[in-house]
Each structure stands twice: as C-alpha cells, then as structure tokens.
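Asks: next comes the sequence, and after it the predicted model I'd like to discuss.
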Amino acid sequence: MADSYTANLNLTLPEVGASRDTWGGKVNADMTAIDTVFNAAGNGTSVGLNVGSGKTLTVAGTATVTGTAQFADGSASAPTIAHSGDTNTGVFFPAADTVAITTAGSERARIDSSGNFTTSSGNDTQVIFGNTGAKIRFRPYITSTGFSQISAVNSAESAYLPISIGGSVTIFESGGAERARIDSSGNFIVGSSTAGSAGLNVAAGYNISFAEGSANTTYTNFFRQASSGAAVIGYGIKYSATANGFASSVGSSFARSAIVADYGSIKFYTDGASTVASGTDITPTERARFDSNGFFFVGMTGTGTTPTNGGAYIKGDVYSSVNDYATIFVPHNSGVAHGIVLKETASATGQQIRFYHGASLVGSVTTTSSATSYNTTSDYRLKENVQPMQNALAKVALLNPVTYTWKENGSDGQGFIAHELQAVCPDAVTGEKDAVRTVDVLDEDGKKIGTKEEPVYQGVDTSFLVATLTKAIQELKAELDAAKAEIEALKAK
C-alpha cells in the first residue's frame, strides 16, 4: 500500500506496514512542514501563523485577536482588508501613517498622517454626514456648474439648503432657487444674482443698497462714510472712497438727498435734480443739522455762521438760566431774502401770531386784507380797581424827548433815553440801566468753549405813553377851556 497525503498541508501519510526507518523520515518532513506554517513571531508556548502567498486563511466562526493584526500595504485594486466576495473593495495603506478606502478598485477617501480626511472619487460625487433625518451633504465638485456645494437636506433629500462656492462666487439657495450671493468683488446680493439688480446689495465698499433693477442704479443706500466713519442714509447717494465724500447712485437726472449721523451731530443734505453718472463723486449741500449741544440749525452750521440767504436755529434746553440766547434765532440777508414770512390764505381777518404768558393770552398780531394790527390784551374782564388817571400833564412835563445818532451806523434818531423815561413812566421801559449778563462763548459747531459778559440793553415801548399823553391833552384842554371862559367873562364886563 503506497503513501497518501493530507489535503491542506500536503503532509505524508506513510504506507501502513512500511519500514520504521521510512516512517521516521516522513514524519520528520511533516513536522518541519507544520513548523514552517507556525513560524511567524511565535515563541515560548505561543505560536505564529504564516499563510503563504496565494493561500487563504478561512475562519468560519469568530476570529479574536488579542494582540496586533498586521496587514500588508495593499493597493486600490487589491486592498489588504476586503470582503470575501468583493476583493477590490476595502481598506489599504498607501503610505506611512495613512489609511485609505477603496471601492470597485478605485480610491475614494483617505486619512493622512496629519489627520486630514480627503476624498478622491472624482467629479459629481458627494460626502453625506448623517443617515436618518436631516443630513449634511458635501459635493466637492459639480460638473454642470463648476461649483463646490455644501447642503443641509432632509431624510428624503427632497428639500435642501445648499451653499455653492466656485469661480470666486458664493451662492445661497433655498426652495431650489438662488436667494443670495457674495460675488467676486465682495458684494453681498440678496434677491438677485447681479450687483445693481433689484434686491438688497451689500457692496464691499461699505454700501448697503436697495437696487431697482437697472444697471448701477440704487436709489436707497446705507453706508459708512470714508474717513469720518459717519453713518449715512442716502437717496440717490452712495458710498465714495473719497474722504468725507458722497457718490451718485443714479445716472439719470435725479434730485438727491442724505442724512448723515456723525460724531455728535446729525446733518441733512439735499440737491436739485442733475444728471451725474453713477459712481461719480458729488457735493450735496448741507441744509440743516442737529449739533452735540442740542441746537437745530437750518441754513447754518453753527451759531457763528453767516447764512448766504437766510437761516435759523433752535436752541435746546442745554445751558443754565444765565444764558438766555434766543430759543429760535433767524439771521438773514435782507438783500436776497426775508427773515420771517407769515401768510394768511383765508380772506377773513386772522391772527398771524399769538403770545401767551403761561396759559394766558397776552397779545397777538392780526391781519386784514390791507392792514396789520399789533394787539396787547386789554379786555375789561381782565381788570379791576379802574380809576381815572391823575396829573398826566405834569408827568408829560417831566419827559425829555431828544434827538441822537446811532453808534451802529451813524443814522439819526429821535425819542427818549430809556432810563430817563423809566423814571417817569416805568411801564414804557423794560430792563435796568447798565445791566449785563454772563453768556456762553460757542465755537462754529455750537460747542461751549468759555463765557463772557455782555450788556443787556433797555427797551422802550412808546405805546405805553398813549394813555398818559391822552390824559395830558384832556387836562390841557380843561385848562384851556377854563382860560377861555375866564377871558369871555372879562370881555363881558
């Protein structure tokens, strides 16, 4: 009977009945073959297992490795860790400290020695984070658009919010349509795909605009002014790179305006209609401002400004009572403009101005179609202790009418010296002789820079002499009538 051999390791099964010496040689050869199989890193009571080239180790149950399982490098087409029925899909090791994933014989992703995760699966592929519910999907390159894209998608991928990046442009979408983008110039555009088209435009040059759909036409703009840093709302006016400047945002004939919130002030600008190319610097005219001290100026920029035609300012309640500047101050050039104009549009007599002291009406200015009346309240219902005036003629005799020359312009005048008249008829004079007051000194922007004393001049209202003069005439007439009577009596004798 001849020798036979095992199916796996091809060990010799000696012929039964063969000589003992023959058996020994065959057994020794078989032991060497078995030792060769178990020569990989085995020592002591442990053994290694060496599976030769082209051979397969099949584990039908569970393989438990308590040490280290080591694999060859492998390749994309022949990964060293693979599924038994799909040998070109699995894991391989393309470089030191690097692990890669391959499917269908092509590398799809790898983690390198720096921990970077990269994919290399070509165009129009995607990486999805998440399994059920909402997911994040990343598409490195889309052939049809040339963009990379990251999206938040629902479980069915029927609704998504993608952000696409490519060609120096970033696009934001929702509901399958573009909603906003950042273009290659750094402009942020909402509701359109082109700067200047209808929608909200945020330009790289600090300009936010509501575009109207025409190229380079934006009527309403918000921007930070160059150099000054002021916040500006412009209509037909947008950002200019020129320090403290403005630029046209409408190329056709257009009347432009702006409100500028600056350091401690709010300024108002307007200009008449003109044709200026969009983006061209313009110089709108400041018409009014609020300053840091609460003054509101119209046609002026400060209390020291001389307006070209006319102006006014309103003083807020800022300083102490020693400073009694006018609440409303109206300087003007009478050669080209009127100071204050009040116009009655009805045909009836009307009050142009009413004067109150507290809750009491104390005077008015009324007009008819042909005359103006300056009225002081004099109703009998407001008076008591009414008595006839006495000694008016003697009082008139104390008056000192004079002529004089005004220091301001050298013109001639006639009337009374206030403090002399005050001694005789106090009601006709306001103020005190030689009075002064302390006032604030302001710079051109209305900011207080010091104080000074200035005279408080007395004033005269000669209308208060009418009653005295009337009574004096009556007294004089009575004396004249008495003298006439006496003369007639003497003639009759």
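Replies: Nice, I can see it.

Asks: quick one: contacts for the closest residue to Thr306 other than its chain neighbours?
Replies: In space, not counting the residues next to it along the chain, Thr306 is nearest to Pro331; the distance is 7.0 Å by C-beta to C-beta, 6 or more residues apart in numbering. Glycine gets a C-beta too; all of them are placed from N, C-alpha and C. Contacts were defined as C-beta atoms under 8 Å, 6 or more residues apart in numbering; by that measure Pro331 touches 300, 306-307, 310-312.

Asks: quick check: phi and psi at Ala472.
Replies: With angles defined as degrees, to the nearest 10, Ala472 sits at phi -60, psi -40.

Asks: that one: neighbouring residues, count only.
Replies: Residues lying near Ala472 (other C-beta atoms under 10 Å) number 20.

Asks: grab the nearest non-local neighbour of Asp461.
Replies: Ala428 (5.7 Å).

Asks: any idea how far the one you found is from Ile165?
Replies: 86 Å (C-beta to C-beta, to the nearest Å).

Asks: ok, now Gly191?
Replies: Gly191 is 20 Å from Ile165, by C-beta to C-beta.

Asks: can you give me the end-to-end span of stretch 355-372?
Replies: Criterion C-alpha to C-alpha, to the nearest Å; first-to-last residue distance in stretch 355-372 is 16 Å.

Asks: so what touches that stretch?
Replies: By C-beta under 8 Å, 6+ apart, the residues outside stretch 355-372 that reach it are 344, 347, 349-354, 373-377.

Asks: please repeat the previous calculation with a cut-off of 10 Å.
Replies: Residues from elsewhere that reach stretch 355-372 (C-beta atoms under 10 Å, 6 or more residues apart in numbering): 342-344, 347-354, 373-379, 382.

Asks: so Gly294 is in which element?
Replies: Using DSSP states H and E, Gly294 falls within no helix or strand.

Asks: all helices for the chain, in order.
Replies: Ranges of helices within the chain are 20-37, 392-398, 418-424, 466-492, based on DSSP state H.

Asks: of all the ones you listed, which lies closest to Arg256?
Replies: helix 418-424 (51.8 Å; C-beta to C-beta).

Asks: quick check: buried residues in the closest one?
Replies: For helix 418-424, a neighbour-count test (16 or more other C-beta atoms under 10 Å) marks 418, 421-422, 424 as buried.

Asks: a markdown table for those, including distance to Ser84 and pLDDT?
Replies: Shown next, in a markdown table, are those (distance: C-beta to C-beta, whole Å; pLDDT from 0 to 100):
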| residue | distance to Ser84 | pLDDT |
| --- | --- | --- |
| Ala418 | 121 | 96 |
| Leu421 | 126 | 96 |
| Gln422 | 123 | 96 |
| Val424 | 130 | 95 |
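
Asks: so what's the residue nearest to Val424 when sequence neighbours are not counted scoring on pLDDT?
Replies: Distances taken as C-beta to C-beta, 6+ apart place Leu398 nearest to Val424, at 4.7 Å, with adjacent residues excluded. Leu398 carries a pLDDT score of 96 in this model.

Asks: before we move on, back to that, show me the contacts for the residue nearest to Asp461.
Replies: By C-beta under 10 Å, 6+ apart, Ala428 lies in contact with 399, 416, 418, 421-422, 459-466, 468.

Asks: then Thr283?
Replies: Thr283 makes contacts with 245-246, 269, 271, as judged by C-beta under 10 Å, 6+ apart.

Asks: returning to what we had before: right, and the helices of the chain - which one's nearest His83?
Replies: With C-beta to C-beta as the criterion, His83 lies closest to helix 20-37 of those, at 25.5 Å.

Asks: any weak-confidence spans in the stretch 151-300 of the chain?
Replies: By pLDDT under 70, the weakly predicted segments of the stretch 151-300 of the chain are 155-161, 195-201, 203-206, 211-216.

Asks: can we see that at 90?
Replies: Under the criterion pLDDT under 90, the flagged ranges of the stretch 151-300 of the chain are 151-220, 222, 224, 229, 251, 264, 291-300.

Asks: give the contact list for the residue nearest to Val424.
Replies: Per C-beta under 10 Å, 6+ apart, neighbours of Leu398: 420-421, 423-425.

Asks: burial of Thr366, as a residue count?
Replies: Neighbours of Thr366 (other C-beta under 10 Å): 16.

Asks: gap between it and His338?
Replies: 20 Å.

Asks: among the contacts of Pro331, which pair sits farthest apart?
Replies: Once C-beta to C-beta is applied, the contacts of Pro331 give Thr306 and Ala312 as the farthest pair, at 13.2 Å.

Asks: now do the shared contacts for those two.
Replies: Joint contacts of Thr306 and Ala312 (C-beta under 10 Å, 6+ apart) are 300, 331.

Asks: who's more crowded, the two?
Replies: Here Thr306 and Ala312 are compared on neighbour count by other C-beta under 10 Å; more neighbours surround Ala312, at 19 against 8.

Asks: tell me the pLDDT at the more buried one?
Replies: pLDDT, read off for Ala312, is 82.

Asks: for it, which residues are in contact?
Replies: The contact partners of Ala312, by C-beta under 10 Å, 6+ apart, come to 288, 296-300, 326, 328-332, 339-340.

Asks: got the buried residues for stretch 180-194?
Replies: Residues of stretch 180-194 classed as buried: 180-183, 187-189, 192 (neighbour count, 16+ other C-beta under 10 Å).

Asks: do I have it right that Cys457 meets Val429?
Replies: Quick fix: residue 457 reads Tyr, not Cys. No - using C-beta atoms under 10 Å, Tyr457 makes no contact with Val429, being 11.2 Å away.

Asks: would you mind measuring from Thr301 to Val330?
Replies: For Thr301, the distance to Val330 (C-beta to C-beta) stands at 16 Å.

Asks: repeat that for Ile237.
Replies: According to C-beta to C-beta, Ile237 stands 29 Å off from Val330.

Asks: out of those two, which sits in the more crowded spot?
Replies: Counted by other C-beta under 10 Å, Ile237 and Val330 do not tie: Ile237 has more neighbours, with 28 against 17.

Asks: got the contact list for Ala337?
Replies: Going by C-beta under 10 Å, 6+ apart, the list of residues near Ala337 reads 299, 307-311.

Asks: should've said Trp406
Replies: 412-413.

Asks: cutoff 6 Å now
Replies: Contact analysis of Trp406 by C-beta atoms under 6 Å, 6 or more residues apart in numbering lists Gly413.
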